[in-house]
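J.: Okay, here's the prediction I keep looking at, along with the sequence it came from:
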Amino acid sequence: MGREWEPEELQQSKMTLETAPATRWDRTKRRYSDMFDYINNPVTTELLPPRVQQHPQAPHKPYTLLISLDDLLITSTWDRQHGWRTAKRPGADYFLAYISQFYELVVFTTQYSYTASPILDQLDRYNFYIEHRLFREHTRSANGEIVKDLSYLNRDLSKVVVVDTNPAHVATHPENAVIIPKWKGDPKDNGLIAMIPFLESIAIYKPPDVRPILTAYEGKDIPIEYAKREAEGKLKHIENWKQNKGTTSNSFGGFFGVSSRSTQNAPPTYLEQKRKEAQQQYLEEQKHIAKNKDYLESLIKHEQAVMAAQAPSNIWEAIETMRGNPKEIAGGIPPPPPPPPGMFVTPPPAPAPTATGTATTSTTSTN
């Protein structure tokens, strides 16, 4: 156990020769500790598959947004009369649909997959918005606390934003995190919707590193603080336009290192232009979903039928499935219904194998 480090060990433990324990005794202690640390680490060293080339018509989304589930998108209560009941936060549907235009959207929850997956299936019924799902199995334990360690994420952390309600969950990377108050079930709450302008501005202006921006807002009421800065930027934008007689630089964009020019009368800012485009895209997408709802529902029913037909009906079939001999579908399941005219269906990419040989859980995208 005191032997020199092997390349595979260094990669799996995310160490280098410079940072790894160097003496024989330290190497022995580290290996001995790792033998009993399996339950404290994520199930894989790469939580997300590598980014794949998107459809040419799909918007480029270089940033990744991780959002929590409990007390952020939903809240759950228990009583003797009803047992567990789960409520959806006001604006959750709009938040997921709208902000997914800008980010690779990932839900990272501390719930186990068998309890969280049914909830996520309801939040994103057609798998349009949430690209990846991470669960309790993908967290690790540090000092007795559950931690969402972003070093396992397989993403450039300068392009990662985490929205959570528990600072302990992001203790390893607080510079990437936005902590917002927990939702306790108030039906008039607008805290989730209020975060949209801040998040969309980051994706629109495309800063080289999001961490300095998030750090600048640490400890502040982000919706209020950001609204002040956007209003100030709008005033400067109008003043510059008046002074330059119709030629203005986007002063608010300069806050993120981006600028644009406009020669229209009373021109909108660059941010306002992009926001209007995104809102129009959201409306068109919702119209498209409503138009093809029957087809989308038929796809869900077909998938459920296939899963039911493949499920083992007795213990012997279950054993064969565990041995790698899945049950053949008897009687035949009809093929999925063809898409209606004019609807383009994109098949989901195959899950990419990770360093440990397992694939992460991802959703099927139908556009």
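T.: Looks like it arrived, so ask away. Residues are numbered from 1 along each chain as shown.
J.: From residue 230, how far out is the closest residue to residue 14 other than its chain neighbours?
T.: Using Cβ to Cβ, 6 or more residues apart in numbering and skipping the chain neighbours, the partner closest in space to residue 14 is residue 151 (6.1 Å). Just so you know, the C-beta spots here come from the backbone N, C-alpha and C atoms, and that holds for glycine as well. Shown here: residue 151 relative to residue 230, a distance of 33 Å by Cβ to Cβ, to the nearest Å.
J.: isn't the residue nearest to residue 14 right up against residue 172?
T.: Yes - at 7.0 Å, residue 151 counts as touching residue 172 under the criterion of Cβ atoms under 8 Å.
J.: that older thread, neighbour count for residue 151 and residue 230, which is higher?
T.: residue 230 (17 against 12; other Cβ atoms under 10 Å).
J.: Quick one: mean pLDDT over the helix or strand containing that one.
T.: Assessed by DSSP states H and E, residue 230 sits inside helix 222-243. In this model, helix 222-243 has an average pLDDT of 91.
J.: and what of stretch 91-99?
T.: pLDDT averaged over stretch 91-99 gives 96.
J.: And stretch 124-137, by the same measure?
T.: 94.
J.: gap between the two ends of that stretch?
T.: One end of stretch 124-137 to the other measures 21 Å (Cα to Cα, to the nearest Å).
J.: Show me what whichever strand or helix holds residue 87 pairs with in its sheet, parallel or antiparallel.
T.: In this assignment (DSSP H and E), residue 87 forms part of strand 83-88. Strand pairing for strand 83-88, using DSSP bridges, gives strand 74-79 (antiparallel).
J.: now the partner strand: mean pLDDT?
T.: What strand 74-79 shows for mean pLDDT is 90.
J.: Show me the contact partners of that strand.
T.: Applying Cβ atoms under 8 Å, 6 or more residues apart in numbering, the external contacts of strand 74-79 come out as 70, 84-89, 92, 119, 123, 182-185.
J.: Quick check on those residues: which are buried?
T.: Burial by neighbour count, 16 or more other Cβ atoms under 10 Å: within these this picks out 70, 89, 92, 119, 123, 183.
J.: bridging residues for the nearest residue to residue 132 once chain neighbours are set aside?
T.: Leaving aside its sequence neighbours, residue 132 sits nearest to residue 106 (Cβ to Cβ, 6+ apart; 4.5 Å). When bridges are called by DSSP bridges, residue 106 pairs up with residue 66, residue 132.
J.: Identify the residues contacting residue 106.
T.: If a contact means Cβ under 8 Å, 6+ apart, then residue 106 has 48, 64-67, 130-134 as its contacts.
J.: Now distance to residue 41 and neighbour count too, for the residues you listed, in TSV please.
T.: Putting the contacts of residue 106 into TSV (distance: Cβ to Cβ, whole Å; neighbours: other Cβ atoms under 10 Å) gives the following:
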residue	distance to residue 41	neighbour count
48	16	22
64	21	25
65	24	23
66	18	27
67	23	26
130	24	20
131	24	20
132	19	20
133	19	21
134	14	23
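J.: Reformat those residues as JSON lines; add distance to residue 18.
T.: Listed next are the contacts of residue 106 as JSON lines, based on distance: Cβ to Cβ, whole Å:
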{"residue": "48", "distance to residue 18": "26"}
{"residue": "64", "distance to residue 18": "28"}
{"residue": "65", "distance to residue 18": "33"}
{"residue": "66", "distance to residue 18": "29"}
{"residue": "67", "distance to residue 18": "35"}
{"residue": "130", "distance to residue 18": "38"}
{"residue": "131", "distance to residue 18": "35"}
{"residue": "132", "distance to residue 18": "32"}
{"residue": "133", "distance to residue 18": "35"}
{"residue": "134", "distance to residue 18": "30"}
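J.: Out of those, which is nearest to residue 10?
T.: Comparing the contacts of residue 106 against residue 10 with Cβ to Cβ places residue 48 closest, at 21.1 Å.
J.: where does the residue nearest to residue 14 land on pLDDT?
T.: The model reports residue 151 with a pLDDT of 91.
J.: go on, the one 5 residues further on?
T.: With respect to pLDDT, residue 156 has a value of 95.
J.: Now it. Its backbone dihedrals?
T.: Dihedral pair for residue 156: phi -70, psi 110, per degrees, to the nearest 10.
J.: Check the spacing between it and residue 50 real quick.
T.: As judged by Cβ to Cβ, residue 156 and residue 50 stand 12 Å apart.
J.: Those two: which is more packed in?
T.: Between residue 156 and residue 50, counted using other Cβ under 10 Å, the more crowded position is residue 156 (12 against 9).
J.: buried stuff in the helix or strand encompassing residue 214?
T.: Using DSSP H and E, residue 214 maps to helix 211-216. Going by neighbour count (16+ other Cβ under 10 Å), the buried part of helix 211-216 is 211, 213-214.
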